[in-house]
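J.: My questions are about this predicted structure, shown below with the sequence.
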Amino acid sequence: MSLDSLDFLIDDFDRLDNTPPVNQELVNMLFIGTKDTYDTITRKLKNYPGIMIYYQELVVDAIQMLLQNVYAIVFIENNSEMYDSITVSRIVRVNHPLARIIIISKLKNSAYISELVNNGSVDGFIHIKESTRKNLSSLVTLHLAKHDINKMIVKYISDPPKLSKASYLLLDPTLSFGSENSPVKYTGIMITYESVPRYSLFFEELLAKDEILFSGYLSGISLLGKELFSTKEPMREINFGGISVILRFIDDFQFFIFVRNLNAQNVTDAETLIDETISEIMSKIKVPLKKSRTLRDEPLEIMEKILEKFSNANDFTVNVLPDLIQYNEYIMIYGENLAFQEKIKKFLERKYNFKVFSTNDRETCKEELKSNDYDILLLDSELKEISAIDFAEYAKEISPHLQIIYRIKDMRSSDKVIKALNSTNISYLTNHRAAFKLLSKIIHSALKKAIEIKQQTRMGIKSSHDQAIVAKSMIRANKDKYLSESIPELHAIFITKDDQLIYRYQPNRDNLLMYDHELLGGVVASLKSIGEEALGEDNIGKIEVGGAHVLIQHREDYHFGFLIKNLDKNTSVVISKDICEYTDGFYKILKRYKKETSRNPRFAKQADNFHKFFKDKFTL
C-alpha cells in the first residue's frame, strides 16, 4: 500500500468542497468575544446545517466550557481589551488538540497576523468586514473537514487496524513500554494567594504566560472539583495536553506545579521533590509572598535558588535556550533567488553547523524531502513552477513534523498573509529578506517544535497537543507497523505422555494438514530435552513442522504441542501467554480424568474454547 499520501485513511473527500455537510449530528462550536460580533457570525451562518455555536464573552467562562465539552471549531475575537487572543489560542490548543482555532478580526493587520502564526496556535483568520455568507461558510466547511480527517487519523493511531503490528499493544496492554521509563520534566510552577497570582515560572513555552488568564484557567479547574478542593486535600493529578498539574494547598496559598511524563512509576518521587520544595518556600519566604504581589530583591533570589531543584532535575537551566546545535538538523531552502539563498546557507552552516540544502527546482526539492529527514523548509512565497501554498501542503504530507517558514516578499499585503495562515500548513511567517538575526530566532523556535514532535512521535499522541501532526508522523516513521499481518491460524494440538500420543485436535477439517501423528508425538516429547532456553519466545520460528510453528508446554510427564501457522514475533508474545492458560486447563483435566483421555468431552470443550479464542482475537 502506498503511503505517498495519507488519503488511504479517508473514505471520501467530498467534504472538502464548499458544500456544507448535511444529515449529521450537531457539531459544537464556541465563540469567545463580543456579543455584536457573535450575532454577526451566527447571522451569516444561520443557514449552515448541523452546527451549534455557543457564546462566551469572558475567557474564564469560556475555559469552563472548554473543560466540560468538545468543540470542533473555536472562534476567538481579537478586538478585545479583556484578553490576548494569542494566549487564548494556546490555552484552547492545550485543552482541545484537535479543535480548529479561527481568529475573527475587524481589522486586517499583516504584522498582527504574522504574530498569530509565529507565536499563537491558530488555524484560520476571518476579516469580519469582508466576510460574506459564502466565504465564511466555505471556511467553516474546510475546517470541519480537516477536523474530521484529523480525528480519523488520530483514531487510526490510538485504535490501529486489527492484526497490524501496532494492534498488539491493544491485544495485550502489558506489552506497552513506551513512556513508562520517561523521565519527569518539571515545566513550570504558579503560586497564588487567595486566588491572586503571586509568582510564576515556566520552563517551556507551551504553557500560557499570562498570569491573570492562567490563574483564571486553574480556578476553572478548581471549580469543577469543588467538593474535593473544599477539603483542601491535595489533588494527585490533573492532565491537560500531556502536562500534569499537581496541586498543593497550604492556608490560603495554592501551589500549581506543572509536570510532563508523569506516570505511576515516577509520581511518588515527583511528589516528594515537590513537597520538599514547597516546604522550603513556606519556611523562607511565606511572608513576602503573602504581602507583595511581586517578589523582588532578596526574596526573589531565594525563590530562584529554591526552584533550582526543578531545573536541576530536568538537566537544563531555567530560561536558557536549549543547545540545538548538537542535533545537526537538516534545513531546506526552496526559492527563486539562489544568490540570496546561498548567503543564508553559508550563515547557518558557519554559525550553527546546520546542514542546509538550497534549490530553485521543484523536483529536486521533492526528492530531497523524501530522501532526508528535514526539520525546516524555508519556502519563498513566489515560485515559478508551482503555487508555494500548494507545495507547502505537499511537503507536510511527505514529512508531517516539517516546520515551514514562509518567506513573503511583500509583508504589507495582508491578503497574502491571511491566505498563508488559512492554508493551515504554514508554521512561521517572515519577510523574505528578514535580517539573519531575526531569521535565526525563528529557525531555533521551529527546530524546538520539530524536535518536540519527533519526541512525541516516539512517546505517542496521548502526550501531545499536536495530536494530528504526531499521528501522521507516527505513520510515516513506521509505515509497516499499521499494515495488517497474516492471520495466525491454530492447526493442531498434540498431547503426549511417555513418548506416546494421547490426544490430538485439528479444527480445520476442510484444510487438514497431514502429519505422522506418532512421529510428531515423539518430536513434541523429545523437545523437552532441548532445553527451555532454546524454546524461549525470542526463538519463536526456529521450530517448524509442515509450515506451522511449534509452541511447546510441559507439565510433569505430559508434553503439549501447539501448531500455529502465520506466527511471528509480535503474535507469539500475545499467543504464548494464552497458551499457558489453556495448557493449565488441559492439565487439570488430565489430572482429574486419567482414563479415556481421548474420548473425554471436557478435552474437546477446552480445545474448542482455545480455537474460539483464535477466531475472536485474530479474525479480521
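T.: Received it, and whenever you're ready, just let me know what you need. Since this is a predicted model, take the numbers as computed values, not measurements.
J.: and I86, helix, strand or coil?
T.: helix (DSSP: H, G, I helix; E, B strand; the rest coil).
J.: That one: neighbour count?
T.: Using other C-beta atoms under 10 Å as the criterion, I86 is surrounded by 20 other residues. (Each C-beta comes from the backbone N, C-alpha and C, glycine too.)
J.: Pull up the gap between it and I103, please.
T.: 9 Å (C-beta to C-beta, to the nearest Å).
J.: Check I404 too.
T.: 19 Å.
J.: Then N566?
T.: 53 Å.
J.: okay, the two: which has more neighbours?
T.: I103 (26 against 16).
J.: would you say the more buried one is within a helix?
T.: No: I103: not assigned to a helix; according to three-state DSSP it is strand.
J.: In this structure it contacts V117, no?
T.: No: look at I103 against V117 with C-beta atoms under 8 Å: they stay out of range, at 10.3 Å.
J.: shared neighbours, I86 and I103?
T.: 116, 120 (C-beta atoms under 8 Å, 6 or more residues apart in numbering).
J.: where do the strands sit along the stretch 301-450 of the chain?
T.: Assigned by DSSP state E, counting those that start in this stretch, the strands in the stretch 301-450 of the chain fall at 330-334, 355-359, 374-380, 403-408, 428-431.
J.: which of the residues in the shortest one are buried?
T.: Right, strand 428-431. 428-430 (16 or more other C-beta atoms under 10 Å).
J.: Packing partners of it?
T.: helix 110-119, strand 403-408, helix 414-422, helix 436-459 (3 or more C-beta pairs under 8 Å, 6 or more residues apart in numbering; DSSP states H and E).
J.: Quick one: mean pLDDT over the second one.
T.: By that I understand strand 403-408. Averaged across strand 403-408, the pLDDT comes to 92.
J.: That one - contacts with which helices or strands?
T.: strand 374-380, helix 388-398, helix 414-422, strand 428-431, helix 436-459.
J.: Show residues contacting it.
T.: Residues outside strand 403-408 that contact it (C-beta under 8 Å, 6+ apart): 335, 375-381, 388, 392, 395-396, 416-417, 420, 425-432, 434, 439, 442-443, 446-447, 449-450.
J.: what pairs with that strand, and is each one parallel or antiparallel?
T.: strand 374-380 (parallel), strand 428-431 (parallel) (DSSP bridges).
J.: phi, psi of S131?
T.: phi -80, psi 140 (degrees, to the nearest 10).
J.: dump the residue contacts of it.
T.: Counting by C-beta under 8 Å, 6+ apart, S131 has contacts K44.
J.: let's number from 519 now, not from 1
T.: Got it, the first residue is 519 from now on, which makes the last one we talked about S649.
J.: I'd like the distance between it and T555.
T.: Applying C-beta to C-beta to S649 and T555 gives a distance of 11 Å.
J.: rewinding a little: just say which of the helices and strands packed on strand 921-926 is most tucked in.
T.: strand 892-898 (a mean of 25; mean count of other C-beta atoms under 10 Å).
J.: Any chance you could list what contacts it?
T.: 847-855, 859, 862, 875, 886-887, 906, 909-910, 913, 917, 919-925, 927, 950, 961, 964-965, 968-969.
J.: can you do 6 Å?
T.: By C-beta atoms under 6 Å, 6 or more residues apart in numbering, the surrounding residues in contact with strand 892-898 are 847-853, 906, 913, 920-925, 950, 964-965, 968.
J.: Turn the strands of the stretch 819-968 of the chain into TSV, including distance to I1107.
T.: Formatted as TSV, those follow (distance: least, C-beta to C-beta, whole Å):
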stretch	distance to I1107
strand 848-852	62
strand 873-877	65
strand 892-898	60
strand 921-926	62
strand 946-949	68
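J.: So which of those strands is nearest R1022?
T.: strand 892-898 (58.1 Å; C-beta to C-beta).
J.: So for the closest one, mean pLDDT?
T.: 93.
J.: Could you save the strands paired with strand 921-926 as JSON lines and add columns showing distance to A580?
T.: JSON lines is the format used below for the strands paired with strand 921-926 (distance: least, C-beta to C-beta, whole Å):
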{"stretch": "strand 892-898", "distance to A580": "34"}
{"stretch": "strand 946-949", "distance to A580": "27"}
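J.: nearest to H1067, of the ones you listed?
T.: Judging these by C-beta to C-beta, what sits closest to H1067 is strand 892-898, at 41.9 Å.
J.: Send me that closest one as PDB with only the CA atoms.
T.: The C-alpha coordinates for strand 892-898 follow below in PDB (Å, rounded to 0.1, in the frame of the first residue of the first chain):
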ATOM      1  CA  TYR A 892      14.400  17.700   7.000                       C
ATOM      2  CA  ASP A 893      13.100  19.600  10.000                       C
ATOM      3  CA  ILE A 894      12.700  23.000   8.400                       C
ATOM      4  CA  LEU A 895      11.700  24.300   5.000                       C
ATOM      5  CA  LEU A 896      12.400  27.900   4.200                       C
ATOM      6  CA  LEU A 897       9.900  28.400   1.400                       C
ATOM      7  CA  ASP A 898       9.600  31.500  -0.800                       C
END
